[in-house]
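# Sharing a model prediction with you, sequence too.
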Amino acid sequence: MLTEKNILKLLQNQGFSFKIYNHEALYTVNDSSEKRGKIKGAHSKNLFLKNKKNNFFLISCLENRQVDLKKMTKCLNLGNISFAKEDPLFKWLGVQPGSVTPFGLLNDINNKVEFYLDSGFLTHETINFHPLVNTSTINLLVNDFINFLIENNKKVNIFSFDTYSLIR
């Protein structure tokens, strides 16, 4: 399993510019907005979900986004979904509850988890995610974040929560 240091080193080695912010543990969106300080850029909430066929999904959306899971699952034909438990979260993403992040996808060597990124992020210059632990935050350009995942063999599905449709 990758660690925070591995993620930072990968970003650095692949030539991506980023800032790292250390802070107290942030477990919820409310914690983040109250305690993160003045970290610029778009902030997220991350939902790790599964369906009855044991397919797993990671949804990263803007922190204040209202998500209609029934509407989303119907649009994407995901089946009946629910929040995944702690064991698959660690197995596939290598993180604990409160530290869910798309950087965890790099631990999913079999690409078992489907990733959906809120198209709302595309209207921002920078984006923020935890680097596998909730005591720090990585800030980088939105396009660099997407390119970083793609360069590391991760598929990024862009989903509009305004129209409830897949963009790409």
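Ah, there it is.
# how about low-confidence regions in this structure?
Low-confidence regions of the chain, defined by pLDDT under 70, span residues 35-36.
# And the helices in it, which stretches?
Counting by DSSP state H, the chain has helices at residues 4-13, 29-35, 69-76, 86-88, 142-151.
# Quick one: closest of the ones you listed to residue 165.
For residue 165, the closest of the helices of the chain is helix 69-76, at 6.4 Å, according to C-beta to C-beta. C-beta: built from backbone N, CA, C; applies to glycine.
# Check which helices and strands that closest one is in contact with.
Counting by 3 or more C-beta pairs under 8 Å, 6 or more residues apart in numbering; DSSP states H and E, the packing neighbours recorded for helix 69-76 are strand 165-166.
# Spatially central, which residue of the chain would that be?
By C-alpha atoms, centre = their mean, the chain has its centre lying nearest to residue 102, at 3.1 Å.
# Now do the closest residue to that residue other than its chain neighbours against residue 24, distance only.
Leaving aside its chain neighbours, residue 102 sits nearest to residue 60 (5.2 Å; criterion: C-beta to C-beta, 6 or more residues apart in numbering). Using C-beta to C-beta, to the nearest Å, residue 60 is found at 22 Å from residue 24.
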